[in-house]
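Asks: let me see the structure of the following:
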Amino acid sequence: MSRLTLSEIWIYPIKSLAGIRLQRANVKQKGLETDRRFMLVDEAGRFLTQREHPHMALFNVSINNDLLIIKSRTSHQALSIELKPNGGEVLPVQIWDDQVEAFEVNPVYSNWFSQELKIACKLVYFPESNRRDVDPRFASAGEQVSLADAYPCLIIGQSSLNDLNSRLEIPLPMKCFRPNFVFTGGEPFEEDEWKNFSIGKNRFAAVKLCSRCVLTTVDPETGIKGKEPLVTLATFRKRDSKIVFGQNLLPIDYDEVCEGDKIELC
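Replies: Residues are numbered from 1 along each chain as shown. Below is the predicted model of the structure:
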């Protein structure tokens, strides 16, 4: 069996905006540090994503010291946000079936995004102390999650993407699937069968295959929706009427992960 190696680490500080590739990251209970702690919500407090607003893809996101830098690829305007902002107005916000409390980071930032997206919206922050439980059907010890769709972390094998791309007319980059971890080595889709494993010093539990939606069809460079990869995935990756690609994870340890870490199955 070939060596399994962590090859990429990604965080998505603002839900449904572009990700940031890191060489190392701290693992927290809710997921990787800074991953999906911010979110845009509409006037009713409901979360916004590229599913309904694919032009949310058209922002570049980076980190500079303690600041999150967001640059619009359409207006070329930029915004700097504190990575760990202080409290603001507390709001009830909706993410799927969960209602949680978050706070508006700054009305100035909300106005900036409203103008850029042409949607009345607010930028909110979800502090570590606020609670959002993982689906109890898949949790083992009351685990919590950030503003990710449902689970703290997602892993995909490079071999799995290579297999999919061999079936596509136009190959897709890994960023279309928004993983936290990418690994090399092993067979295509072997992560489907993982249960317990370690990345470096950190143990993880694999708990549920990741169901995929139309967000995967949004071109991250243009913000335009297509039909792939869902049409092709539906031909060979359906489980219980869901199209699946990648494995959702719960962290067991809270240490640092680094590109190049060895992955070992338990």
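Asks: and the contacts of the top helix by length along the chain?
Replies: Scanning the chain for the helix with the most residues, using DSSP state H, yields helix 107-117. Residues outside helix 107-117 that contact it (C-beta atoms under 8 Å, 6 or more residues apart in numbering) are 40, 48, 53, 55-56, 59, 72, 74-75, 77, 79, 81, 104, 120-123. C-betas here are computed from N, CA, C, even on glycine.
Asks: any buried residues in it, and which?
Replies: Under the neighbour-count criterion of 16 or more other C-beta atoms under 10 Å, helix 107-117 has Y109, S110, W112, F113, S114, E116, L117 buried.
Asks: equivalent analysis for stretch 205-223, please.
Replies: By neighbour count on 16+ other C-beta under 10 Å, the buried set for stretch 205-223 is 205-212, 215-218, 220, 223.
Asks: state the mean pLDDT of that stretch.
Replies: Averaged across stretch 205-223, pLDDT comes to 97.
Asks: can you tell me which of the buried residues of stretch 205-223 comes closest to T235?
Replies: Nearest to T235 among those is R212, at 13.4 Å by C-beta to C-beta.
Asks: just to check, that closest one is in contact with R239?
Replies: No - using C-beta atoms under 8 Å, R212 makes no contact with R239, being 11.0 Å away.
Asks: for the stretch 1-150 of the chain, which spans come out with low pLDDT?
Replies: For the stretch 1-150 of the chain, the stretches flagged by pLDDT under 70 are 1.
Asks: quick one: the strands in it?
Replies: Using DSSP state E, counting those that start in this stretch, the strands assigned to the stretch 1-150 of the chain run over residues 4-11, 20-22, 24-28, 31-32, 38-41, 59-64, 67-72, 78-82, 90-95, 98-104, 122-125.
Asks: what of the stretch 151-266 of the chain?
Replies: For the stretch 151-266 of the chain, strands defined by DSSP E, counting those that start in this stretch occupy the ranges 153-157, 181-184, 196-199, 202-211, 238-239, 242-251, 256-258, 262-265.
Asks: tell me which of those strands lies nearest to S129.
Replies: In terms of C-beta to C-beta, the element of the strands of the stretch 151-266 of the chain nearest to S129 is strand 242-251, at 17.7 Å.
Asks: quick one: the longest helix of the chain to chain centroid distance?
Replies: Mean-position distance between helix 107-117 and its chain equals 22 Å (C-alpha atoms, centre = their mean, to the nearest Å).
Asks: please apply the same query to stretch 98-108.
Replies: Its chain's C-alpha centre and that of stretch 98-108 lie 19 Å apart, by C-alpha atoms, centre = their mean.
Asks: repeat that for stretch 7-21.
Replies: Averaging C-alpha positions (C-alpha atoms, centre = their mean) puts stretch 7-21 6 Å from its chain's average.
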